[in-house]
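A.B. asks: Just need the structure, nothing else, for what follows:
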Amino acid sequence: MLALSAVRALHFAVAIQIVGALLFVWIMARLPETAAVRSVRRSLVRAAVVLAVAVLASGAAWIALQAADMTGHTLNEVWGDGAVGLLLFKTHAGVVWWARFAIALALLVSLCVMASLPHVAGKATVVVGLGLAIANFVSCAWLSHAASDAGPYASLHLAAQALHMFAVSLWLGGLIPLAMLVVRAMRSPEIGAATAACASVSFGNIALVAVGIIVVTGIATTALVARDLSDLTTGAYARLLAVKLVLFCFMLALAAMNRLQLVPRLATPNPGPAATRLWWSILGELVLAMMILLVVGLLGIAPLGADE
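C.D. replies: Coordinates of the predicted model:
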């Protein structure tokens, strides 16, 4: 179970980072064209290609571990006894996985086009790639508790979960690209600070909307997944949910400080100290985000209600 949770968290992390990389490619396409901007865009696209390969690999590992968890067999056994084939061809999850692999392959192709033919790939290609990256991550909702909901609000539950994941991908995915820009601002304040400030403001506006969606959809999905109050007060699921909420509050506090205090200072004549503080704050957000993803990996397979 621990290995499955870790692989799920890794899969979520790399899928989210593709969204973030392409989000910043899109943001920077709207900035004045400079050598620094082009360099950052190329780096982000190349990183996204590597991450897309990691999505496919971690997805395959997730399927194998899921089959092992379902059958109680080892990883070596599930490939030989047909458990993986049963999961892929005889279950609802298998249908979802085939769709997700098709999306991931299309995403990888679009990223390779952007990386190898940057002068041919325009803004439309970036938008298509970003849409595929979002679809790749959001489709994980069909593998969550929401997908197994057979109640009268099943469609609402799934929609809320998908929207929640969409907002999460925008916020968390942008943290590493933002940190890259801040590092450039620290090294070359006269060149990188202005670019980092403009991109940070655009990302901050997107993140602000995303956080609002996360809060609303988080409340909705929690209310829909719980069968009664005891599901939210007892058992492993309740404990993990509480940890997730505490980590989210700490992360929200750091994000508010970045948005209100540190990002505006990047546009001042002496942006160096603000860039340094912002980098450390973003690093703190990233640590908290990774912890949240680990908790989410456990939440997706944790049973509701009191522990047996």
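
A.B. asks: got the buried residues for the helix or strand bottoming out on mean pLDDT in the chain?
C.D. replies: Least confident element among the helices and strands of the chain, by mean pLDDT, DSSP states H and E: helix 75-80 (a mean of 71). Going by neighbour count (16 or more other CB atoms under 10 Å), the buried part of helix 75-80 is Val78. The way it works is simple: take the backbone N, C-alpha and C, and place the C-beta from them, glycine included.

A.B. asks: Can you pull out the residues in contact with the very next helix or strand once past that helix?
C.D. replies: As assigned by DSSP states H and E, the chain's next helix or strand after helix 75-80 is helix 83-90. Surrounding helix 83-90, the residues in contact under the criterion CB atoms under 8 Å, 6 or more residues apart in numbering are 63-64, 66-68, 70-71, 73, 77-78, 93-94, 97-98.

A.B. asks: make it 7 Å
C.D. replies: By CB atoms under 7 Å, 6 or more residues apart in numbering, the residues outside helix 83-90 that reach it are 63-64, 66-67, 70-71, 73, 78, 93-94, 97.

A.B. asks: Next secondary structure element downstream of that helix?
C.D. replies: Next along from helix 83-90, by DSSP H and E: helix 92-116.

A.B. asks: buried stuff in that next one?
C.D. replies: Per 16+ other CB under 10 Å, helix 92-116 contains these buried residues: 93-94, 96-97, 100-101, 103-104, 106-108, 110-111, 113-115.

A.B. asks: residue ranges of the helices in the stretch 51-200 of the chain, please?
C.D. replies: In the stretch 51-200 of the chain, the helices defined using DSSP state H, counting those that start in this stretch lie at 75-80, 83-90, 92-116, 123-138, 154-173, 175-187, 189-225.

A.B. asks: closest one to Ala54 among those helices?
C.D. replies: helix 92-116 (10.2 Å; CB to CB).

A.B. asks: could you check the angle helix 123-138 makes with the closest one?
C.D. replies: Orientation check (axes from the mean of the first three to the mean of the last three CA atoms, to 10 degrees): helix 92-116 against helix 123-138 gives 150 degrees.

A.B. asks: Output the contacting helices and strands for helix 92-116.
C.D. replies: Using 3 or more CB pairs under 7 Å, 6 or more residues apart in numbering; DSSP states H and E, the elements in contact with helix 92-116 are helix 35-71, helix 83-90, helix 123-138.

A.B. asks: thinking again about what came up before, mind putting the helices of the stretch 51-200 of the chain into TSV with distance to Val243?
C.D. replies: Shown next, in TSV, are those (distance: least, CB to CB, whole Å):
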stretch	distance to Val243
helix 75-80	28
helix 83-90	29
helix 92-116	26
helix 123-138	22
helix 154-173	16
helix 175-187	20
helix 189-225	14
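
A.B. asks: looking at those, which has the lowest confidence?
C.D. replies: Per-stretch mean pLDDT for the helices of the stretch 51-200 of the chain is lowest at helix 75-80 (a mean of 71).

A.B. asks: remind me which residues of the stretch 201-308 of the chain are low pLDDT?
C.D. replies: Where the stretch 201-308 of the chain drops to pLDDT under 70, the residues are 227-228, 230-232, 300-301, 304-308.

A.B. asks: contacting residues around Arg41?
C.D. replies: 25, 28.

A.B. asks: And it, how far from Ala253?
C.D. replies: Taking CB to CB, to the nearest Å as the measure, Arg41 falls 31 Å from Ala253.

A.B. asks: do the same with Leu286
C.D. replies: Counting by CB to CB, the gap from Leu286 to Ala253 is 15 Å.

A.B. asks: and Asn270, what element?
C.D. replies: Using DSSP H and E, no helix or strand contains Asn270.

A.B. asks: That one: neighbouring residues, count only.
C.D. replies: Residues near Asn270, counting by other CB atoms under 10 Å, number 10.

A.B. asks: likewise Lys123?
C.D. replies: There are 11 residues near Lys123, going by other CB under 10 Å.

A.B. asks: What values do phi and psi take at the closest residue to it other than its chain neighbours?
C.D. replies: Distances taken as CB to CB, 6 or more residues apart in numbering place Ala29 nearest to Lys123, at 5.5 Å, with adjacent residues excluded. Per-residue torsions, Ala29: phi -70, psi -20 (degrees, to the nearest 10).

A.B. asks: Distance to Met165 for the helices and strands packed on helix 92-116 - can I get that in a markdown table?
C.D. replies: Below are these laid out as a markdown table (distance: least, CB to CB, whole Å):
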| stretch | distance to Met165 |
| --- | --- |
| helix 35-71 | 14 |
| helix 83-90 | 22 |
| helix 123-138 | 5 |
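
A.B. asks: Arg187 is nearest to which of these?
C.D. replies: Using CB to CB, the helices and strands packed on helix 92-116 put helix 35-71 closest to Arg187, at 10.9 Å.

A.B. asks: Surely Leu23 touches Gly174?
C.D. replies: Yes. Using CB atoms under 7 Å, Leu23 is in contact with Gly174, at 5.6 Å.
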